[in-house]
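# I'd like to go over a predicted model; first the sequence, then the structure.
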Amino acid sequence: MDLLIWPIQTESTNRGSATSDMVNQNEDQHNEYSTLLHATTYYLLLSITRVGNCQIPHQSRALFKTVVTVQPNWPQIFSGEKITLRCEIQGGGHTEWTYEWTTTSSNTFPTDNRYIIIRATESHSGQYRCLGRRDTYTSTEWSEAITLKVLSYKPWAELTAVNRDIPVGGSVILTCSRYFWYRDEKTSQPLTSQDVVFLSNRRIRVSVGGVYWCRGGRGEPVYYTEYSYSITVNKKREAVVSLQPNWSEIYSGEKITLRCEITDEGHTEWTYGWTTPSSIKFPTEIDTPY
């Protein structure tokens with residue numbers, strides 16, 4: 001603020017000589033005017049100084065910091081997974097905040113501190129930043145950007161087996177890159193410890209033949225991978241040939257029955273194959289009478 005002061009100009013006169021009383025009166029008026037002017041100037045300068053020392057309201061940003069977090073925090077996000085982005089204000093206390101988001105993706109955001117993606121797609125890929133605003137004069141800085149990359153495919157599970165034939169009384173080991181196991185039907189319930197023996201490194205030991213599958217899952221609700229290709233495990237059973245009647249000596253003309261018995265056969269329908277050093281041809285039945 002500038003203070004303009006006009007100098008006092010005394011009116012010149014052509015009158016010959018002035019009396020000393022008029023001169024003294026003019027000097028007294030000049031002194032009074034100067035004193036008033038100085039007092040007014042001091043007041044104005046004091047007022048300007050006070051206004052200059054006032055704290056003009058401004059936006060406060062330095063006290064708070066925002067961070068964008070992703071839950072679950074997996075290194076890879078696949079199409080269809082559920083993801084939650086959260087804007088966290090460090091040191092924000094329990095103050096009511098409103099939130100602003102900015103992203104390079106094609107999606108819009110609410111003013112809440114959470115953004116829940118029910119089924120992630122490639123369109124959700126991009127960088128995300130947020131800030132918090134408490135009132136007109138208080139807000140945070142924009143957070144550092146966090147990058148979200150959503151892959152367009154679902155991962156596959158890989159199932160391997162060194163041996164697919166279960167020996168008599170033995171078992172085989174299957175290895176899967178994931179950890180949900182199934183037998184015979186994909187839609188069946190996952191296998192439990194009552195069905196197989198679970199080993200370390202995503203392996204199982206099986207002693208029951210059948211078609212096996214596996215797949216992975218994570219998160220809540222569970223996000224499943226694609227099923228693996230199937231592996232058929234065959235269980236070998238021991239076949240025993242019995243002789244009826246079981247005589248130590250057999251004479252020409254006697255009736256003899258050879259029986260092929262399969263251990264642990266249950267109610268399974270079997271066909272049979274025979275081999276012999278003789279020239280006799282064998283049927284495919286369980287009993288072979290002679």
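Nice, thanks for sending it over.

# Excluding sequence neighbours, find me the nearest residue to T66.
S143 (4.0 Å; Cβ to Cβ, 6 or more residues apart in numbering). Quick note: C-beta positions are derived from backbone N, CA and C, even for glycine.

# so what's that neighbour up against?
65-68, 87, 129-131 (Cβ atoms under 8 Å, 6 or more residues apart in numbering).

# can you do 7 Å?
66-68, 129-131 (Cβ atoms under 7 Å, 6 or more residues apart in numbering).

# Can you classify it as helix, strand or coil?
coil (DSSP: H, G, I helix; E, B strand; the rest coil).

# got the CA positions of stretch 192-205 in PDB?
C-alpha atoms of stretch 192-205 as PDB (Å, rounded to 0.1, in the frame of the first residue of the first chain):
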ATOM      1  CA  THR A 192      -8.700 -85.100   0.600                       C
ATOM      2  CA  SER A 193      -6.200 -86.900   2.700                       C
ATOM      3  CA  GLN A 194      -8.600 -89.800   2.900                       C
ATOM      4  CA  ASP A 195      -8.300 -90.300  -0.800                       C
ATOM      5  CA  VAL A 196      -4.500 -89.700  -1.400                       C
ATOM      6  CA  VAL A 197      -1.300 -89.000   0.500                       C
ATOM      7  CA  PHE A 198      -0.300 -85.400   0.200                       C
ATOM      8  CA  LEU A 199       3.500 -84.900  -0.100                       C
ATOM      9  CA  SER A 200       5.600 -81.700  -0.200                       C
ATOM     10  CA  ASN A 201       6.200 -79.600  -3.400                       C
ATOM     11  CA  ARG A 202       2.600 -80.100  -4.600                       C
ATOM     12  CA  ARG A 203       2.800 -83.800  -5.000                       C
ATOM     13  CA  ILE A 204       0.500 -86.700  -4.100                       C
ATOM     14  CA  ARG A 205       0.900 -90.400  -3.800                       C
END
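
# which of the residues in that stretch are buried?
195-196, 202-204 (16 or more other Cβ atoms under 10 Å).

# Same list (the residues you listed) but as CSV, adding pLDDT, secondary structure and distance to I117.
Below are the buried residues of stretch 192-205 laid out as CSV (pLDDT from 0 to 100; DSSP: H, G, I helix; E, B strand; the rest coil; distance: Cβ to Cβ, whole Å):
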residue, pLDDT, secondary structure, distance to I117
D195, 87, coil, 36
V196, 87, coil, 36
R202, 87, coil, 28
R203, 90, strand, 34
I204, 89, strand, 34
